[in-house]
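J.: I'd like to go over a predicted model; first the sequence, then the structure.
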Amino acid sequence: MSRPVLGRGARTASASVVVLDRDRSLVEAARRDPARFDALYRKYLAQVYSFALYELGDHHAAEDATERVFLRALAALPRFREQARPDDGPEASTFRVWLFRIARNTVANERRARRRRPATSLEAALGAGLAVADPADLEADAVTRDEAGEAIRALRALPDDRRRALTLRFVDEMTTAEIAGVLGRSEGAVRVLIHRALGAVARELGRERGTRVGDHDGEAPPAHDAGTRDARS
Amino acid sequence: MSDEVDALVADRYIDALLAAADRHAVDAPSNAAVDPDVREAARILRASLVRVHPSFRFEERLAGRLADLALSQVRPALAAGGSLVELPPASASILDADPLVGAIIRGELDPTDADAVEAADRLPPTRRPLLVGGAITSAAISLVGVAYVAWRASRPSAQGRSSNRAMARAARAARARRVAAGVSTLVIAGASTAAAVTAGLGGPG
């Protein structure tokens, strides 16, 4: 999230390390000229959109939420204060953490509004021809479709905070410190949150596999097995 | 305490897992200190939870809206006298997309404050302010029209009622003439008048 560089204090006897927000130059440019916000927008679009998609499970809802996040971020940019200094601790607010706080609030409100409406399947949304943002993610092909479906079902079965933490950790590849800033918790609390969430996912995956093995062992033919699992999702 | 230590070890493992993916490493890192089930769950999540990109069409549409919002932020908001405010053309669509943007721009709402955002979202949408710039705008003309209709609706005048009675009398007279002449069907050709249509509505019998 932040890269340590030697600041002016390095010339003194006690060289100090200044943590510089890696987006500082882009943020300052956007403050001088709001049209330059475009660079920050392009940089974080896929991350914010992915977070919204995994949280909402619907392609259109994710687009609406993403739109609001960036409109709000641009509108509030003059009041963004970088606090990426070591003394600020886990609450250190870089631009990305600040942006994802806006995203968390926007998506949470959208989830509340959609509670009475049935959400479409995230698996369907992910399989609807959306482009994968990072070519490195193509390794996901190594994972079977069943495995991916099980993982997504297990993720969506988690309580809100655990699900958000795992999404930010694995999809957006945030550090624990960044997630702590987004969720407003301590780093230690986030680590425990993620660890427990992983345990819950592991149990759910084991249960799913047990159920699947049971289905195969039963009288139902494999063709019906797929339908059964689809219905369960 | 043990829970925190386990969490720390698992956190280090996830760091290594994500770094291995960045290096395009074939094998997942191994750490015997981490529960094998947790390791496997982390591996599957890393491979399954792909980052996705929205459509190009959406990306460009939102980029356009952000450019419009950026333009409105640099444009001087107040016209001379302080009473008339110029509304950039795109602002209406931006406020439609997110009614809270106006409050954020004015510094009345912090979008990172979860409680404030939730409370603001529960409020009924405020009416979009009417902002008139320069001379007469179409919005102002519409305002005149709305005021006129409201005024007419609140005054069902005696003149209107007598006019209706006259129309009814004409319709009855026309029908009586048709019946007397034995005409059962009224054919309206070409540019018929409203009076003829009204007369025809009486119909035979």
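T.: Arrived safely, thanks for sending.

J.: Could you list every helix and strand in contact with the host helix or strand of residue A:189?
T.: According to DSSP states H and E, residue A:189 maps onto helix A:187-217. Identification of packing neighbours for helix A:187-217 by 3 or more CB pairs under 8 Å, 6 or more residues apart in numbering or on different chains; DSSP states H and E yields helix A:145-156, helix A:160-166, helix A:176-183, helix A:222-232, helix B:2-22, helix B:36-48. For every residue, glycine as well, the C-beta is placed using N, CA and C.

J.: Make CSV from those helices and add mean neighbour count, mean pLDDT and distance to residue A:80 to it.
T.: Shown next, in CSV, are those (neighbours: other CB atoms under 10 Å in any protein chain shown; pLDDT from 0 to 100; distance: least, CB to CB, whole Å):
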stretch, mean neighbour count, mean pLDDT, distance to residue A:80
helix A:145-156, 20, 85, 30
helix A:160-166, 21, 95, 22
helix A:176-183, 24, 91, 13
helix A:222-232, 11, 32, 44
helix B:2-22, 17, 87, 27
helix B:36-48, 21, 90, 31
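
J.: how about those, which one is nearest residue B:94?
T.: helix A:176-183 (25.3 Å; CB to CB).

J.: close to chain B, is the closest one?
T.: Yes: counting by CB under 8 Å from any CB of the partner chain, chain B has neighbours in helix A:176-183: residue A:176.

J.: just the angle between that helix and helix B:2-22, please?
T.: For helix A:176-183 against helix B:2-22, the angle by axes from the mean of the first three to the mean of the last three CA atoms, to 10 degrees is 110 degrees.

J.: now the helices for chain B?
T.: Counting by DSSP state H, chain B has helices at residues B:2-22, B:36-48, B:56-74, B:91-97, B:101-105, B:114-122, B:138-153, B:158-181, B:194-200.

J.: then the third one to PDB, C-alphas only?
T.: What follows is helix B:56-74 as a C-alpha-only set of coordinates in PDB (Å, rounded to 0.1, in the frame of the first residue of the first chain):
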ATOM      1  CA  PHE B  56     -15.800  -1.000 -21.700                       C
ATOM      2  CA  ARG B  57     -19.100   0.800 -22.300                       C
ATOM      3  CA  PHE B  58     -19.800   1.300 -18.600                       C
ATOM      4  CA  GLU B  59     -16.200   2.400 -18.100                       C
ATOM      5  CA  GLU B  60     -16.400   5.100 -20.700                       C
ATOM      6  CA  ARG B  61     -19.900   6.200 -19.600                       C
ATOM      7  CA  LEU B  62     -18.700   6.700 -16.100                       C
ATOM      8  CA  ALA B  63     -15.600   8.400 -17.200                       C
ATOM      9  CA  GLY B  64     -17.800  10.900 -19.100                       C
ATOM     10  CA  ARG B  65     -19.800  11.600 -16.000                       C
ATOM     11  CA  LEU B  66     -16.800  12.100 -13.900                       C
ATOM     12  CA  ALA B  67     -15.400  14.500 -16.400                       C
ATOM     13  CA  ASP B  68     -18.700  16.400 -16.300                       C
ATOM     14  CA  LEU B  69     -18.600  16.500 -12.500                       C
ATOM     15  CA  ALA B  70     -14.900  17.600 -12.600                       C
ATOM     16  CA  LEU B  71     -16.000  20.400 -15.000                       C
ATOM     17  CA  SER B  72     -18.700  21.500 -12.600                       C
ATOM     18  CA  GLN B  73     -16.200  21.700  -9.800                       C
ATOM     19  CA  VAL B  74     -13.900  24.000 -11.500                       C
END
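
J.: Could you list the residues in contact with it?
T.: Helix B:56-74 has contacts (CB atoms under 8 Å, 6 or more residues apart in numbering or on different chains) with A:33-35, A:37-38, A:41-42, A:45, A:63, A:66-67, A:70-71, A:74-75, B:53, B:88-91, B:93-94, B:97, B:101, B:105.

J.: Pull out the buried residues from these.
T.: Buried by 16 or more other CB atoms under 10 Å in any protein chain shown: A:34-35, A:37-38, A:41, A:45, A:63, A:66-67, A:70-71, A:74-75, B:53, B:88, B:90-91, B:94, B:101, B:105, out of these.

J.: Among these, name the ones in strands.
T.: Taking DSSP state E, the ones among the buried ones among the contacts of helix B:56-74 that sit in strands are residue B:53.

J.: dump the residue contacts of residue B:117.
T.: With the criterion set at CB under 8 Å, 6+ apart, residue B:117 makes contact with A:105-106, A:109, B:100, B:109, B:111.

J.: and stretch A:61-80, average pLDDT?
T.: The predicted model gives stretch A:61-80 an average pLDDT of 94.

J.: Outline the domain layout of the chain.
T.: Reading this off chain A. Chain A resolves into domains spanning A:17-132, A:143-233 when parsed by automatic domain parsing.

J.: Sorry, I should have been clearer: chain B.
T.: B:2-48, B:160-200.

J.: per-residue confidence at residue A:122?
T.: In this model, residue A:122 is scored at 65, pLDDT.

J.: what's the answer for residue B:130, then?
T.: For residue B:130, the pLDDT comes out at 44.

J.: mean confidence score for the helix holding residue A:189?
T.: If you average the pLDDT over helix A:187-217, you get 81.

J.: export whichever strand or helix holds residue A:51 as CSV, just CAs?
T.: Using DSSP H and E, the element containing residue A:51 is helix A:37-56. Extracted in CSV, the C-alpha atoms of helix A:37-56 (Å, rounded to 0.1, in the frame of the first residue of the first chain):
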residue,chain,number,x,y,z
PHE,A,37,-9.0,12.3,-11.4
ASP,A,38,-9.5,10.1,-14.5
ALA,A,39,-6.1,8.4,-13.8
LEU,A,40,-7.1,7.4,-10.3
TYR,A,41,-10.5,6.2,-11.7
ARG,A,42,-8.9,4.0,-14.3
LYS,A,43,-6.4,2.6,-11.8
TYR,A,44,-9.0,1.5,-9.3
LEU,A,45,-12.0,0.8,-11.4
ALA,A,46,-11.6,-2.9,-11.6
GLN,A,47,-10.9,-3.2,-7.9
VAL,A,48,-13.9,-1.2,-6.8
TYR,A,49,-16.1,-2.9,-9.3
SER,A,50,-15.0,-6.4,-8.2
PHE,A,51,-15.5,-5.6,-4.6
ALA,A,52,-19.1,-4.4,-5.4
LEU,A,53,-19.7,-7.4,-7.6
TYR,A,54,-18.7,-9.9,-4.9
GLU,A,55,-20.6,-8.0,-2.3
LEU,A,56,-23.8,-7.5,-4.3
